[in-house]
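In: Compute the structure for the input listed below.
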Amino acid sequence: MFNKKKQYLFINNGYSSVSNVFDKGKIKQLSNKLKKILPDEKKIFYRNFKTFTKNARFKKITPGLKDNNILLSKNINLDFIEKNYNFIKTLKTFFNGNFYIESKWLIKVLPQALMPNWVKEEVKDIGMPQLNMYMKDKYRNVTYLNGLDYHQDNGGRLRNSTTILIYLDPVLSDADSPIRILDKSHILGATQYPHYCRISSNKKKIFYSDLNGNHICTKEKKVYGIGGTIVFFNGYTLHGSTIDDEKKKTRLALRYVLSPKKKSKKSIFEKSNKKIITKSFYIKNYRLDKMKNLYNKKCGKVINYVR
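Out: All right, here's what the predicted structure looks like:
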């Protein structure tokens, strides 16, 4: 489970993963059930760009905490995950005490092969393409993504929480869209997006800066795993994903944001945050890629060029 080696990895490198916590058969059943419930991709998008601009809404486009969330449906029972003894034990070890679920939602990674042409054109060169804004309201109860550039979860908000992903499908190769982590990037704390990342000449290393005199040379780590694998990452760790846009293969995952009921200096969570050398935990204007109406500016993706 979450042994000393995995704990050390999270504290010092900003991420870790654990497998074989959940019943594999139940994970597969959940994945299959969700795929049957989820609508055909041909239905979810606005018909064309004109219809989109007429109905466009860029706020509250993702699943809510109490509504518009497929995971809140009575038909979706997550007790085998959320009440799992080993899962709870792992999280109590992580937080050095009790915790609570701040939010949860389902993620579906969608290749461009399953998108209408006008959406493909819109998301081209957008670093963080949140596909929900191009969808009809009733289908926004799931978070749809087309791969994301390196980003961090806590940069734009001051919160005492960590993110975990649970793969509902096997992620055993690059074709399965693994989470891609920039090793030890959490030590620079909160930095603005698009993050200042420069690729080395051999495209195997990344130079990352907070633009305040602090720089690190890091490598990308891909997190593979069977269905049910839990991926932990510090809220300041840069992470992202890509997907093969030519194939019609999707991936499902659960995303949880978890917080301790009481802060503990001895927790793995706090020990990891102590590694942050800049003491920067919040930036008011975190997203420099957003227009005033919250629509995305085109700024490209560094992640596309790392090998």
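In: So which residues of the stretch 101-250 of the chain form strands?
Out: Per DSSP state E, counting those that start in this stretch, the stretch 101-250 of the chain carries strands over the ranges 143-145, 148-151, 162-167, 179-182, 196-199, 206-209, 215-218, 220-223, 230-233, 239-241.
In: which residues make contact with the last one from outside it?
Out: Just to be clear, that refers to strand 239-241. Contacts with strand 239-241, where a contact means C-beta atoms under 8 Å, 6 or more residues apart in numbering, come from 15, 109, 145, 147-152, 177-182, 233, 301, 303. Just so you know, the C-beta spots here come from the backbone N, C-alpha and C atoms, and that holds for glycine as well.
In: Apply 6 Å and report the result again.
Out: Gly147, Leu148, Asp149, Tyr150, Ser177, Ile179, Arg180, Ile181, Phe233, Ile303 (C-beta atoms under 6 Å, 6 or more residues apart in numbering).
In: The fifth one now?
Out: Contact with strand 196-199 is made by Ile206, Phe207, Tyr208, Ser209, Leu211, Val302, Tyr305, as judged by C-beta under 6 Å, 6+ apart.
In: Check the second one too.
Out: Counting contacts by C-beta under 6 Å, 6+ apart, the residues outside strand 148-151 that touch it are Gly127, Met128, Leu182, Tyr193, His195, Leu238, Gly240, Ser241, Lys301, Ile303.
In: then the host helix or strand of Ile81 to CSV, C-alphas only?
Out: Ile81 is located in helix 79-82, with elements delineated by DSSP states H and E. Extracted as CSV, the C-alpha positions of helix 79-82 are listed here (Å, rounded to 0.1, in the frame of the first residue of the first chain):
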residue,chain,number,x,y,z
ASP,A,79,-19.2,2.9,-1.5
PHE,A,80,-16.7,0.2,-2.6
ILE,A,81,-14.2,3.1,-3.1
GLU,A,82,-15.1,5.7,-0.5
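In: Name the residues of that helix that are buried.
Out: If you call a residue buried by 16 or more other C-beta atoms under 10 Å, then helix 79-82 has these buried ones: Ile81.
In: residues in contact with the helix of greatest length in the chain?
Out: The longest helix of the chain (DSSP state H) is helix 24-37. For helix 24-37, the external contacting residues (C-beta under 6 Å, 6+ apart) are Phe80, Leu168, Asp169, Gly227, Gly228, Leu252.
In: ok, the third one - contacts?
Out: Contact analysis of Asp169 by C-beta under 6 Å, 6+ apart lists Ser31, Gly227, Arg251, Leu252.
In: count of residues packed around Phe58?
Out: Number of residues near Phe58 (other C-beta atoms under 10 Å) recorded here: 14.
In: actually Asn3, not the one I wrote
Out: Using other C-beta under 10 Å, Asn3 has 11 other residues around it.
In: pLDDT value on it, please?
Out: For Asn3, the pLDDT comes out at 92.
In: Repeat that for Ser16.
Out: For Ser16, the model assigns a pLDDT of 97.
In: what bridges to it?
Out: Assessed by DSSP bridges, Ser16 has beta-bridge partners Phe232.
In: residues touching it, list them.
Out: Ser16 is in contact with Lys6, Leu9, Phe10, Phe232, counting by C-beta under 6 Å, 6+ apart.
In: Would you confirm that the first one belongs to a helix?
Out: Read that as Lys6. Yes - the assignment for Lys6 is a helix, going by DSSP: H, G, I helix; E, B strand; the rest coil.
In: secondary structure class for the residue sitting furthest away from the middle of the chain?
Out: Distance to the chain centre peaks in the chain at Lys50, reaching 30.2 Å (criterion: C-alpha atoms, centre = their mean). Here Lys50 is helix, with the state taken from three-state DSSP.
In: if we can go back for a sec, of the contacts of strand 148-151, which is the most crowded?
Out: Leu238 (30 neighbours).
In: Please report how far Met1 lies from Asn214.
Out: Distance, Met1 to Asn214, using C-beta to C-beta, to the nearest Å: 34 Å.
In: Let me fix that, I meant to ask about Pro170.
Out: 38 Å.
In: Between these two, tell me which one has more neighbours.
Out: More neighbours surround Pro170 than the other of Pro170 and Asn214, with 18 against 15 (other C-beta under 10 Å).
In: hmm, back to that, out of the contacts of Asp169, the closest to Tyr85 would be?
Out: Proximity of the contacts of Asp169 to Tyr85 (C-beta to C-beta) peaks at Gly227, which lies at 19.3 Å.
In: isn't that closest one right up against Pro170?
Out: Yes - when contacts are counted by C-beta atoms under 6 Å, Gly227 is listed as touching Pro170 (5.1 Å).
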